[in-house]
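**Student:** what's the 3D shape of this:
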Amino acid sequence: MLSASILPEILFYETGHTPPPWLTWGRVGVFAVLFAVSLAWPKLRPLRDFLVFWLALFTTTELVARVDFSVPFLQNSLGGSSFVHGLQPQQFGKLAVTACVLLALALFGYSRKQLYLTPGKLDAPITPVKWMGFPKPDPWPRFGLQYGFYIPLGMALVAYLIGRPSAVNLAKALPALPAILIFAALNAFNEEMSLRATMLAALESPVGKYQAWYMSALYFGIAHFYGVPYGWVGIALATFNGWLLGKAMLETRGMLWAWWMHFLQDVAIFVFLAAGVITPGG
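**Tutor:** Residues are numbered from 1 along each chain as shown. Next up, the predicted model:
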């Protein structure tokens, strides 16, 4: 998982080097070989679907990067700002990758429920977390509604401290509000499916719930090194967030609570991006 994450790229960039151009396709080659071995070696066979996940993710990400997903009519309808021009093709490209990864696992026998493509049991009890103020198995609405508010509020505070925007700056985001809501909804869906649900689906059976949960949380954290906030602090915060969203998905056996909390967090960040007062990666 660590070699499949962007950790190698981070180490190259942060030591003043450029990652070699063959790095991603090198990963694809390694996982293709491991997949072939898994078909013949019984000890590796339980991880076959995990290898399928990586192959689908890397291959489609590389192919999608060569396609222009810009929709000028939609961009103009949403205001035509640089924020819209940047996010619209990015989010549509992410959606194409998400669809391909889900399709790949569906072809290997995964049902919609196994892939968490269902709301889930919305009132399921949480596993108690004393240090978060929930020592009892309260229903998910009580926990999710509170932390669905706390985390975006914390993210908005961090973004504010980074950008120090004036009221005039923040007002620039108001015309982009429809785009903010649409792209936040898309980004939350794409990341919940391609960075969490599919990994949990492929890993839970062979390595167990907790290993799958913690690995997906760390992968999610590393993926946000060049996000907001930037760097190792960003990894720590995003890993905790990945742990929380993974908790939602595993305990409700669906995506709605995880998507909802992720959506609110993205709205908080996208407001500052649309206002032009923060930039991902620093």
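**Student:** any idea how far stretch 160-169 is from the chain center?
**Tutor:** Put simply, stretch 160-169 sits 26 Å off its chain's centre (Cα atoms, centre = their mean, to the nearest Å).
**Student:** And the average pLDDT for that stretch is what?
**Tutor:** Per-residue pLDDT over stretch 160-169 has a mean of 86.
**Student:** buried residues in it?
**Tutor:** I162, G163, P165 (16 or more other Cβ atoms under 10 Å). Any C-beta I mention is one placed from the backbone N, CA and C, and that applies to glycine too.
**Student:** next helix or strand past the host helix or strand of Y214?
**Tutor:** Y214 belongs to helix 209-223 when assigned by DSSP states H and E. Going down the chain from helix 209-223, the next helix or strand is helix 232-252, by DSSP H and E.
**Student:** now the angle from that next one to helix 209-223?
**Tutor:** Put simply, helix 232-252 runs at 150 degrees to helix 209-223, going by axes from the mean of the first three to the mean of the last three Cα atoms, to 10 degrees.
**Student:** quick one: average pLDDT of whichever helix or strand comes after helix 232-252?
**Tutor:** The helix or strand immediately downstream of helix 232-252 is helix 256-275, counting by DSSP H and E. Across helix 256-275, pLDDT averages out at 95.
**Student:** what about the nearest residue to S81 once chain neighbours are set aside, neighbour count?
**Tutor:** Nearest residue to S81, sequence neighbours excluded (Cβ to Cβ, 6 or more residues apart in numbering): A176, at 5.8 Å. Neighbour count of A176, defined by other Cβ atoms under 10 Å: 22.
**Student:** ditto for K43
**Tutor:** K43, neighbours per other Cβ under 10 Å, totals 8.
**Student:** three-state assignment of it?
**Tutor:** What DSSP: H, G, I helix; E, B strand; the rest coil gives for K43 is coil.
**Student:** any idea how far it lies from L203?
**Tutor:** K43 sits 16 Å away from L203, going by Cβ to Cβ, to the nearest Å.
**Student:** Kindly report the same for G79.
**Tutor:** 40 Å.
**Student:** what about the two, which has more around it?
**Tutor:** More neighbours surround L203 than the other of G79 and L203, with 22 against 15 (other Cβ under 10 Å).
**Student:** Contact partners for that one?
**Tutor:** Neighbouring residues of L203 by Cβ atoms under 8 Å, 6 or more residues apart in numbering: F50, Q211, A212, M215, S216.
**Student:** That one is in what secondary structure piece?
**Tutor:** Using DSSP H and E, L203 maps to helix 198-207.
**Student:** For that helix, which residues meet the burial criterion?
**Tutor:** T198, M199, L200, A201, A202, L203, E204, V207.
**Student:** and that helix with helix 232-252, angle?
**Tutor:** Going by the same axes, to 10 degrees, helix 198-207 makes 70 degrees with helix 232-252.
**Student:** what is the rounded mean pLDDT of helix 198-207?
**Tutor:** On average, helix 198-207 scores 95.
**Student:** please renumber so the chain begins at 19
**Tutor:** Fine by me, first position is 19 from now on; the one you just mentioned is helix 216-225.
**Student:** That one: how far from the chain's middle?
**Tutor:** The mean C-alpha position of helix 216-225 is separated from the chain mean by 16 Å, Cα atoms, centre = their mean.
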